[in-house]
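Asks: could you look at this predicted model? Sequence included:
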Amino acid sequence: MQRQLFAAMLAALLACACGQQNQGGAQRAPYASTYAPPAAVAVLIQHATVLTGTGSRIDDGDVLIQDHKIAQVGKGIAAPAGAVVVDAKGRWVTPGIIDPHSHLGVYASPEVWAMSDGNEATSPTTPNVWSEHSVWPQDPGFEQARMGGVTSMMILPGSANLIGGRGTLLKNVPATTYQEMKFPGAPQVLKMACGENPKRVYGSEHKFPSTWMGDVAGYREAFAKATEYKAKRDAAKKKGGSAPDRDIGMETLADVLDGKILVEMHCYRADQMATMLDVAQEFKFKISAFHHAVEAYKIGPQLKASDTCAVMWADWWGFKMEAYDGIRENVAMVDAAGACATIHSDDPIGIQRLNQEAGKAMAAGWRAGLDIPRERAIRWITANPAKALGVADRVGTLESGKDGDVVVWSEDPFSVYSHADLVYIDGVQRYDRAHPAAQPESDFKLGILGREEEMQ
Amino acid sequence: MNKSIFALLALLPGIASAGTIAITNAEIHTLGRAGVIAHGTLIIRDHRIDAIGENLPLPQGARVIDAGGKPVTPGLFDAYTSLGIKEIDGVEESDDSAAKKSRYSAALDVTDAFNPRSTLIPVNRVEGLTRAASAPDSASGGSLIAGQGAVISLGSLSEWLVKPKAAMYAQLGETGAKLSGGSRAAAWASLREAFGEVRRAGTPRVNPEHPSQLTAEDIEALRPVLAGEEPLVLYLNRASDILGALKFAEDNGIKLVVRGGAEAWLVAKPLAEHQVPVILDPRLDLPQHFESLAARADAAALLQKAGVLVAFALDDEFSSHNARNVRQLAGNAAAQGLEREAALAAITLNPARIYGVDGTLGSLEPGKIADVVVWDGDPLETTSFPRSVFIDGQEVPAISRQTELRDRYMQRLHLGPYAKQ
């Protein structure tokens, strides 16, 4: 709760800084967001089936977006003067989809060596790297994801390392620099990884770590050092003594210990997640979410107790030993246990249809006898990822005051036939399926794609 | 526990007889000449489809299954998997799909490595997949000629082999170039050399000093391919590579199938003229490689419109574990303009045609093998699921390693229907 308050205050501060920068060119904090949505007229979406992301469904519902924010959600809302009115009769409206685990921009298309910047796999502990510095905003994957209704995505470093570096939340807007996409005020996160990947990457070169116990030793050593660094930093702040020598990596870990940076931890097996909860307890930090979490269904009650989200695929399994126990009901069973259940893509193709992935997970739950209405399942790709990423106060639901990130679907979004018709990000229309020619297109795609007139 | 043992026993041939089954009140997607029968009955007798139609009299003693107006389709058929030859990708000793360091290439035959007890088989079977091509794959290393695949059944521990040597598989394009030393030209030279050796086999070599790239076993395995009897499935994506393959196939009398096919839509007409089918993953719409810059979401619809026979398979690392998702591929192709029956054909009849087993499989027609799925909704929707799956006229149990894991933890954690919040 305190963290949320802090995030909100930080957001307000940064938003102010942005405004100043845009208006007067005042000094901007390094790497700060320069994203500011352009002016947009109010939009009233009428007569839709609205899944609010709060767990409610409104039939024949309206959503009003004004001044970049959700202004009103309900029935029979009057259109303000000058508003664009969208008749969405027969269509569905949801909050913008949030992917809590993507490598767009850092493992971009085309998947060539030059564009593979997601893993600094030269040392198992690299809290000093930031994924945002690797992001290539021209990755064509961004616009394809937008066509699938994705309005924000967390860009994480890969999982080669025990501590892989900072991840950054982006708004899915067309941009030339990553700073123009950076979600203003969102907390940064730290990517960490359990299990097979780190021990394979380093163990295969006969380097540390080569075992799971080696992995655990690696986290503990890093956080033991960070604890000392933080103590020195705190003491210097309090008493005005000498600050520790600047250490970019230790700054990240000390911010984790201060609760400013959220931990997003790649972990498959139930027992390994439980071990990591103990590591977090030892060093007094919190794991915000376990990612991939293929066995989360085995420990739902524990995840609930530790207030840790599980970020899962709908059905990936079996591609490595630690993924052998994956089941289709994972998401639904975590949800049924009362824990925070979330679906991610981790994939440039999967991110385009997270709605279908949620549909698969929902239907698997039905077959297991769980009662999961659509208004609940939509939370797996909206409100719950927002919670896992520390931005639940900003996005993930259609509530007045939240960011105007809204998708109008051609039909039930859980249907394979459903398309995102309209995508709004901060109240600005960023995609319209009826006018594909007007869609922003990555520089990369210009002049190299085959066109229909070239068909042989 | 007893139930699952019984169910497994039922799978063993000879223990349970298929008997006579009548599926009534069904929306039957025959994929045959009868098209869609809105309210029909399908009768299975002794492993075969006996009759299909409206208002059929029910045979005496038949087990009657009321489909409740829901769809009934042929069993799903995945045109490209490594089912039965790969358990876990990351566990090398459980993965026989690629022979990276072998001296053999074309001689490699998946039937030698096939394990009908693979846990992947029930996992996919309970979701309606009844037949598949199980194929070797050298994308990760080895020879550009990966070896021979087979059509397999997911319904039997003993009679799983439907058609051995159903196709020869090879890599061209970017991966073929990499496997051949670094250029497409080297890959084609290597492939030409291989078929040249088959043609010359038995005659003295032009240059006896030059070591053969093929063993005698490989040469034998390639003979039916050169004779045009066994199809050659080439993994290709770039339009120019596909045109090169068409010419190669024509020059050598080879029956060609294109797998991958990201840019196949650009050369749809020549593909249709040469009657070359394409095995496609219609989800792949990004320029993920320089050989697939023109990938697009409606490729299947464009190919179909041009008259190309299209089948679907996952073109990623989940082609075996999640072969069950072929219907999501079909659903996405349908959402991008492919007619729904054509999308269904791409995961039933068309793979059967590609591998030459459409005489007995792939559609619901009297006399064909009774691979039948009764669905609880539109089979192309990911929210739908089979109510019953029949392979060879026998109902398969709704049990897999995954359902057992689910049931164990549902019970252990007392997870039941939760209160609405």
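Replies: Structure received.

Asks: what's around B:Arg223, how many residues?
Replies: Neighbourhood size, B:Arg223 [other CB atoms under 10 Å in any protein chain shown]: 14. Yep, even glycine has a C-beta here, placed from its N, CA and C like the rest.

Asks: excluding residues flanking it in the chain, which one is nearest it?
Replies: B:Val198 (6.0 Å; CB to CB, 6 or more residues apart in numbering or on different chains).

Asks: so, low pLDDT: which residues of chain B?
Replies: Low-confidence segments of chain B, defined by pLDDT under 70: B:1-18, B:202-212, B:417-421.

Asks: same thing but at 50, please
Replies: B:1-3, B:5-16, B:206-207, B:418-421 (pLDDT under 50).

Asks: which segments of chain A make up each domain?
Replies: A:31-95+A:397-434, A:97-395 (automatic domain parsing).

Asks: thinking again about what came up before, what distance do you get for the residue nearest to B:Arg223 to B:Ile145?
Replies: According to CB to CB, to the nearest Å, B:Val198 and B:Ile145 sit 11 Å apart.

Asks: SS state for B:Met168?
Replies: strand (DSSP: H, G, I helix; E, B strand; the rest coil).

Asks: if you count contacts, what does the top helix by length along chain A end up packed against?
Replies: If you go by DSSP state H, chain A has its longest helix at helix A:212-239. Applying 3 or more CB pairs under 8 Å, 6 or more residues apart in numbering or on different chains; DSSP states H and E, we find helix A:212-239 packed against strand A:163-171, helix A:196-203, helix A:248-257, helix A:270-283.

Asks: so which strand or helix has the residue of the stretch 101-250 of chain A found nearest chain B?
Replies: Chain B sits closest to A:Ser109 of the stretch 101-250 of chain A, with a gap of 4.6 Å, by CB to the nearest CB. Per DSSP states H and E, A:Ser109 falls between elements, in no helix or strand.

Asks: ok, it - contacts?
Replies: Taking CB atoms under 8 Å, 6 or more residues apart in numbering or on different chains as the criterion, A:Ser109 is in contact with A:Met115, A:Asp139, A:Pro140, A:Gly141, A:Pro348, A:Phe444, B:Leu286, B:Pro287, B:Gln288.

Asks: swap the cut-off to 7 Å and go again
Replies: A:Asp139, A:Pro140, A:Gly141, A:Pro348, B:Leu286, B:Pro287, B:Gln288 (CB atoms under 7 Å, 6 or more residues apart in numbering or on different chains).

Asks: got the phi and psi for A:Cys309?
Replies: Phi and psi for A:Cys309, reported as degrees, to the nearest 10, are phi -80, psi 150.

Asks: now swap in B:Leu214 and tell me
Replies: phi -120, psi 140.

Asks: doesn't B:Ala194 make contact with it?
Replies: Yes: counting by CB atoms under 7 Å, B:Leu214 touches B:Ala194, with 5.8 Å between them.

Asks: for B:Gly393, find the nearest of the domains of chain A.
Replies: domain A:97-395 (24.8 Å; CB to CB).

Asks: returning to that earlier point: and the residue of the stretch 101-250 of chain A closest to chain B, its phi and psi?
Replies: According to degrees, to the nearest 10, A:Ser109 has phi -90, psi 140.
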